[in-house]
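Asker: need the 3D shape of this:
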Amino acid sequence: MSISRIYEILSTLTDPEIPVLTLLDLGIIRDVKWDEGTHEAEVIITPTYSGCPAMDFIEVNIRSALQEHGFEKLKITSVLSPAWTTDWLSESGKAKLKAYGIAPPVGSAAKLSLLGENIAVECPRCGSKDSRLVSQFGSTACKALYQCKDCLEPFDYFKCH
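Answerer: Predicted coordinates for the structure are as follows:
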């Protein structure tokens, strides 16, 4: 039993709302601790949004997966500060979002505001950057709804925050 084994197990767990992303891709796994003396594992997580409805499900999945692999003493700690940011998404995760049909965040959350930067969001279907914001609110709280002006398809955009 070791931290590397815990990370190996966690790398198989996917986000319930975007199943192509692993929890590691998403960046919500903040840290893993292993106490060799007590054989206790602690997984530290941060929700993408405060009050994210998927977090209870994610905690259950983490606990179940680790217990299935022999980790009996477990602690799952939610940490809200610093708040999760799309800057924590892995490059692999951004590529997976695009392949899944969700435009990944453009730029850095530190440089963009949620509500008002006029940004060119690339259509994940045709690659055009000629798109328009339809609604700040997409299929989930972390996404906005855009429409491509070239292929006319609507698509979700994973908002920077």
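
Asker: for the residue located most distally from the centre of the chain, give me the pLDDT.
Answerer: Within the chain, the residue lying farthest from the chain centre (CA atoms, centre = their mean) is G37, at 32.4 Å. pLDDT for G37: 90.

Asker: and it, how far is that from D130?
Answerer: 59 Å (CB to CB, to the nearest Å). (C-beta placed from N, C-alpha, C; glycine too.)

Asker: same check, this time on E17
Answerer: Distance from E17 to D130, counting by CB to CB: 28 Å.

Asker: okay, the two: which has more neighbours?
Answerer: Between E17 and D130, E17 has the larger neighbour count (other CB atoms under 10 Å), namely 18 against 13.

Asker: pretty sure the more buried one contacts T140?
Answerer: Yes. Applying CB atoms under 8 Å, one finds E17 in contact with T140, separated by 5.7 Å.

Asker: relative to Y7, how far out is the residue farthest from the centre of the chain?
Answerer: Distance from G37 to Y7, by CB to CB: 20 Å.

Asker: quick check on L66: phi, psi?
Answerer: Dihedral pair for L66: phi -70, psi -40, per degrees, to the nearest 10.

Asker: what do you get for the one 10 residues further on?
Answerer: In this entry, I76 is assigned phi and psi values of phi -120, psi 120 (degrees, to the nearest 10).

Asker: is it true that it touches A41?
Answerer: No. Contact between I76 and A41 fails when scored by CB under 8 Å: they sit 9.1 Å apart.

Asker: okay, the two: which has more neighbours?
Answerer: In this view I76 and A41 are compared by other CB under 10 Å, and A41 has more residues nearby, 23 against 16.

Asker: secondary structure of the more buried one: a helix, I assume?
Answerer: No. Applying DSSP: H, G, I helix; E, B strand; the rest coil, one finds A41 to be strand, outside a helix.

Asker: so what's it up against?
Answerer: A41 makes contact with 1, 6, 32-35, 66, 71, 73-75, according to CB atoms under 8 Å, 6 or more residues apart in numbering.
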